[in-house]
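Visitor: What would the 3D arrangement of this be:
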Amino acid sequence: MAVIEIKMPQLFSSNDEGKIAKWLVREGQQISAGDIIAEVETDEAAVEIEAIEGGKITKLLVAAGSPAVKVNTPIAMLDQGAAGAQYAAPPPAASNRLRDELAAGGAPAASPNAPTAAAPPSPADLAARSRTRLMGGTPLQPLSEFKGATAMRPASPKTAYIRSENIETEPVAGWVVVVKGPGRGGFRPVYVGMNSVGRDPGQRISLSFGDESISREEHAFITYDEEQRRFYLQHGGKANIIRLGSQPVLVPTELKPNDLIRVGKTTLRFVSCCGPNFSWSDDVKEA
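Guide: Next up, the predicted model:
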């Protein structure tokens, strides 16, 4: 049996601490590699902590709402069971030798009698990594997922503007607000271009509120055509039909402000920012 620590990963090169905004797992819960286990907030972004290894969460070491949690601080304990025994922590002497060799910049020396085996993941890989999005925005893809990243860029932007130093984000074209179902009161931005809708955090519109009847990826698409200044809703070819009001969406259909969209057990109200009277390609005059 191997019990390992999940530690606070590096968030940005400019941030060495963050606030545990919300735990998405509970003690005793079984998780898989890739599951999002917590949301952490920094001054400039919300960071999703992703588990690298599967197992059972045995202990949450830091309470939700705890501010200023330093990078590499243990935040939870993960029991990998028998499958994780090969990655169990080495005895103190071996651990100290490994630490010293890594600090010197060299590879760990192999014992002459040790059998050849696949290299275990590094301590950072055994803990967690971060997937980052701007506050209220979509997930970002880091240039480097580990310590040393110097900038974060959004995935496949069509247009972008600078929000703060070294951070780029996309201009919002509208929002969808959950008015019925899990996550009621929550919202997600809709961006210029085509927006995939699904439960997965990698979706441009991630409806990760707990409605399991929504497909993980591409359950639907919401598109803002900047040239025509119109929004469209279309299905993603899934068995669970998407509806605009009471009507099934079988072909791309124009989406109007305050329209209701039914996805699985969730009802969304569409709120527009762009349209006939405003687009990000317009010059905005001073008020």
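
Visitor: which residues pair with residue 198 across the strands?
Guide: Beta-bridge partners of residue 198, counted by DSSP bridges, are residue 206.

Visitor: what sits against it?
Guide: Counting by CB atoms under 8 Å, 6 or more residues apart in numbering, residue 198 makes contact with 205-207, 214-219, 236. The way it works is simple: take the backbone N, C-alpha and C, and place the C-beta from them, glycine included.

Visitor: hmm, 7 Å instead?
Guide: Residues near residue 198 by CB atoms under 7 Å, 6 or more residues apart in numbering: 207, 214-219.

Visitor: between those residues, which is nearest residue 275?
Guide: Lowest distance from residue 275 to the contacts of residue 198 (CB to CB) belongs to residue 207, with 23.0 Å.

Visitor: what about the closest one, distance to residue 170?
Guide: Residue 207 sits 18 Å away from residue 170, taking CB to CB, to the nearest Å as the criterion.

Visitor: go on, residue 231?
Guide: Residue 231 is 16 Å from residue 170, by CB to CB.

Visitor: now swap in residue 282 and tell me
Guide: For residue 282, the distance to residue 170 (CB to CB) stands at 16 Å.

Visitor: Looking at the two, which one has more neighbours?
Guide: Taking neighbours as other CB atoms under 10 Å, residue 282 and residue 170 compare with residue 170 leading, 23 against 10.

Visitor: where does the more buried one land on pLDDT?
Guide: Residue 170 is assigned a pLDDT of 77 by the prediction.

Visitor: What of residue 166?
Guide: 44.

Visitor: Going by residue numbers, what spans are helices in this structure?
Guide: Taking DSSP state H as the test, the helices found in the chain are 92-103, 123-127.

Visitor: Not counting its own residues, what contacts stretch 276-286?
Guide: Stretch 276-286 is contacted from outside by 159, 171, 192, 226, 229, 274, using CB under 7 Å, 6+ apart.

Visitor: quick one: average pLDDT of that stretch?
Guide: 82.

Visitor: Check which residues of it are buried.
Guide: 279-280 (16 or more other CB atoms under 10 Å).

Visitor: Restricting the selection to alpha carbons, write it to PDB.
Guide: Extracted C-alpha coordinates of stretch 276-286, given in PDB (Å, rounded to 0.1, in the frame of the first residue of the first chain):
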ATOM      1  CA  PRO A 276     -26.300  44.600 -33.600                       C
ATOM      2  CA  ASN A 277     -25.400  47.500 -31.200                       C
ATOM      3  CA  PHE A 278     -22.000  46.400 -30.200                       C
ATOM      4  CA  SER A 279     -19.100  44.200 -31.300                       C
ATOM      5  CA  TRP A 280     -15.400  44.000 -30.200                       C
ATOM      6  CA  SER A 281     -14.400  45.200 -33.700                       C
ATOM      7  CA  ASP A 282     -16.100  48.600 -32.900                       C
ATOM      8  CA  ASP A 283     -14.300  51.600 -31.600                       C
ATOM      9  CA  VAL A 284     -15.800  52.400 -28.200                       C
ATOM     10  CA  LYS A 285     -16.200  56.100 -27.500                       C
ATOM     11  CA  GLU A 286     -15.700  57.600 -24.100                       C
END
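
Visitor: rewinding a little: nearest to residue 177 among the contacts of stretch 276-286?
Guide: Of all those, residue 274 has the smallest distance to residue 177: 16.4 Å, by CB to CB.
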